[in-house]
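Visitor: I'd like to go over a predicted model; first the sequence, then the structure.
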Amino acid sequence: EDNTLQVHVLKPGWKEFVQHRALARFQCSQCFHGWSSAKVHILFHMCQHQGQGMVWMRTFRQECRRCPDPQLEEPYFSQDTVEKLLHNLVLKILEYFYGVSIQATDLLEVVVDAPVAGPHDRARCEGCQLGVC
């Protein structure tokens, strides 16, 4: 995991995959308020060199609405969501480094499977602040 990764800023030989709109839970580390978001984005940077592969990941965080001086909080994903994320990542690795033809329909949707109340809070979303959302 690397919270300094940036979208479209890659080292030579690296490839990028952005998984948009995953469902995750957050909990404030200060007031312990919890919330869900259906607009959590995950950035993957990956490379392959001499048969060895490496994947770096960044999850875009969110801030609590209730705290006057909030911190960026990490998302928590369900097991089902993690499995879908990994499925999509493996497909992208196969496409980028092994020449396997992948169709957009092969990628699993990692979207809301439960109701999420309220609008997306763009001011408290790290992805929005960095132009990913």
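Guide: Structure's in. What do you need? Numbering: from 1, shown residues only.

Visitor: rest of the way, CA atoms for contacts and neighbours
Guide: OK.

Visitor: got any ranges where the chain has weak pLDDT?
Guide: The chain contains residues with pLDDT under 70 at 111-118.

Visitor: quick one: the strands in it, in order.
Guide: For the chain, applying DSSP state E gives strands covering 15-27, 34-49, 52-59, 62-63, 72-73.

Visitor: so which of those strands is the most packed in?
Guide: With neighbours taken as mean count of other Cα atoms under 10 Å, the strands of the chain reach their highest mean count in strand 62-63, at a mean of 24.

Visitor: quick one on the thing from earlier: and the strands of the chain: which comes nearest Arg124?
Guide: With Cα to Cα as the criterion, Arg124 lies closest to strand 62-63 of the strands of the chain, at 5.0 Å.

Visitor: if you count contacts, what does the closest one end up packed against?
Guide: strand 72-73 (3 or more Cα pairs under 8 Å, 6 or more residues apart in numbering; DSSP states H and E).

Visitor: number of nearby residues for Val90?
Guide: Close neighbours of Val90, defined as other Cα atoms under 10 Å, add up to 13.

Visitor: what's the answer for the one 4 residues further on, then?
Guide: Using other Cα under 10 Å, Leu94 has 14 neighbouring residues.

Visitor: contact partners for it?
Guide: Each residue near Leu94 by Cα atoms under 8 Å, 6 or more residues apart in numbering is listed here: Val100.

Visitor: make CSV out of the strands of the chain and add distance to Glu126.
Guide: CSV is the format used below for the strands of the chain (distance: least, Cα to Cα, whole Å):
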stretch, distance to Glu126
strand 15-27, 13
strand 34-49, 9
strand 52-59, 9
strand 62-63, 6
strand 72-73, 8
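
Visitor: and Thr105, which of these is closest to it?
Guide: It is, among the strands of the chain and with distance given as Cα to Cα, strand 15-27, at 14.1 Å.

Visitor: CA atoms only for that closest one, dumped as PDB, please.
Guide: C-alpha atoms of strand 15-27 as PDB (Å, rounded to 0.1, in the frame of the first residue of the first chain):
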ATOM      1  CA  LYS A  15       0.900   0.000 -15.800                       C
ATOM      2  CA  GLU A  16      -2.200   1.500 -14.000                       C
ATOM      3  CA  PHE A  17      -5.600   0.300 -13.200                       C
ATOM      4  CA  VAL A  18      -8.200   2.400 -11.300                       C
ATOM      5  CA  GLN A  19     -11.200   0.500  -9.800                       C
ATOM      6  CA  HIS A  20     -14.000   3.000  -9.500                       C
ATOM      7  CA  ARG A  21     -17.000   3.100  -7.300                       C
ATOM      8  CA  ALA A  22     -16.400   0.300  -4.700                       C
ATOM      9  CA  LEU A  23     -18.600   0.100  -1.600                       C
ATOM     10  CA  ALA A  24     -16.800   0.500   1.700                       C
ATOM     11  CA  ARG A  25     -17.300   1.400   5.300                       C
ATOM     12  CA  PHE A  26     -15.400   4.100   7.200                       C
ATOM     13  CA  GLN A  27     -15.100   4.800  10.900                       C
END
